[in-house]
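**Student:** Here is a sequence with its predicted model. Questions after.
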Amino acid sequence: IDAVGGADAIAKIQSSYTEATTEIKAQGINLVTKIWSKGKDFYLESDMPGVGLSQVWKKGDEIWSKDPINGMRKLDGKEAAQTRWSSDPMLAANWKVYFESAKTLGRTKDGDRSLVEVELSNPDGNKLVLLFDEATGLPAGQSFEQQTPMGALPIRITVDDYRDVSGVKFAFRSVTDMQVMSAVQVTNKLEVNVDIDDAKFEIP
């Protein structure tokens, strides 16, 4: 919390709008993701050429998604819980909202960086390992099993390129490693405390 700017600075951010570009080189895929967030609600849309538009809505306790493959559906159980915490840009600061316990597992290396691994968990079996840069205290990534309609998929994400936005440091680049591919996401625009119409979060 101190490393990214402090609790007071984090608390002042009430809404945000993000645009990011993701490249999956192995498949020759590029997609644009836009996220509107306000309080505990958010709306996400991701447009992949040749596939179509994927959308996620969270309003109150309900989360719905719509994509060209699975259609419109309500998320529940582990998949819904995972969507809640994965959408929080300040997850390392807000972890107690989503998990009950934290346990330091040890250290690992990422190039020249020493990373501390902290496992977050719930009694229902939900787990997430957060990675922290030991030298700076900044979040360096996370690893978990992504819950999908087709089963669980091991994921490891590393983040870097931290920039100051309204007194809070945000990572502007992430690399997601999956079993069969790697995706690089770069944030092109991040605006905080923007006016967002509540209708944006309405589930159709």
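**Tutor:** Now that the structure is in, tell me what you want to look at. Residues are numbered from 1 along each chain as shown.

**Student:** Please make it C-alpha for all contacts and neighbour counts, starting now.
**Tutor:** Noted.

**Student:** Residue 89 and residue 27, how far apart?
**Tutor:** Distance of residue 89 to residue 27, given as C-alpha to C-alpha, to the nearest Å: 27 Å.

**Student:** now do residue 175
**Tutor:** The gap separating residue 175 from residue 27 is 15 Å, by C-alpha to C-alpha.

**Student:** part of a strand, is residue 108?
**Tutor:** Yes: Residue 108: assigned to a strand according to DSSP: H, G, I helix; E, B strand; the rest coil.

**Student:** shouldn't it be in contact with residue 116?
**Tutor:** Yes: applying C-alpha atoms under 8 Å, one finds residue 108 in contact with residue 116, separated by 6.5 Å.

**Student:** sorry, back to before: more neighbours, residue 175 and residue 27?
**Tutor:** Taking neighbours as other C-alpha atoms under 10 Å, residue 175 and residue 27 compare with residue 175 leading, 18 against 10.

**Student:** got the contact list for that one?
**Tutor:** Contact partners of residue 175, counting by C-alpha atoms under 8 Å, 6 or more residues apart in numbering, are 157, 158, 159, 182, 183, 184, 185.

**Student:** In the helix or strand hosting it, which residues are buried?
**Tutor:** Per DSSP states H and E: residue 175 is located in strand 168-177. By neighbour count on 16 or more other C-alpha atoms under 10 Å, the buried set for strand 168-177 is 168, 169, 170, 171, 172, 173, 174, 175, 176, 177.

**Student:** Stretch 51-61 now?
**Tutor:** Those would be 53, 54, 55, 56, 57, 58, 59, for stretch 51-61 by 16+ other C-alpha under 10 Å.

**Student:** Now do the closest residue to residue 32 other than its chain neighbours against residue 111, distance only.
**Tutor:** For residue 32, ignoring the flanking residues on the chain, the nearest one in space by C-alpha to C-alpha, 6 or more residues apart in numbering is residue 21 at 4.6 Å. According to C-alpha to C-alpha, residue 21 and residue 111 sit 25 Å apart.
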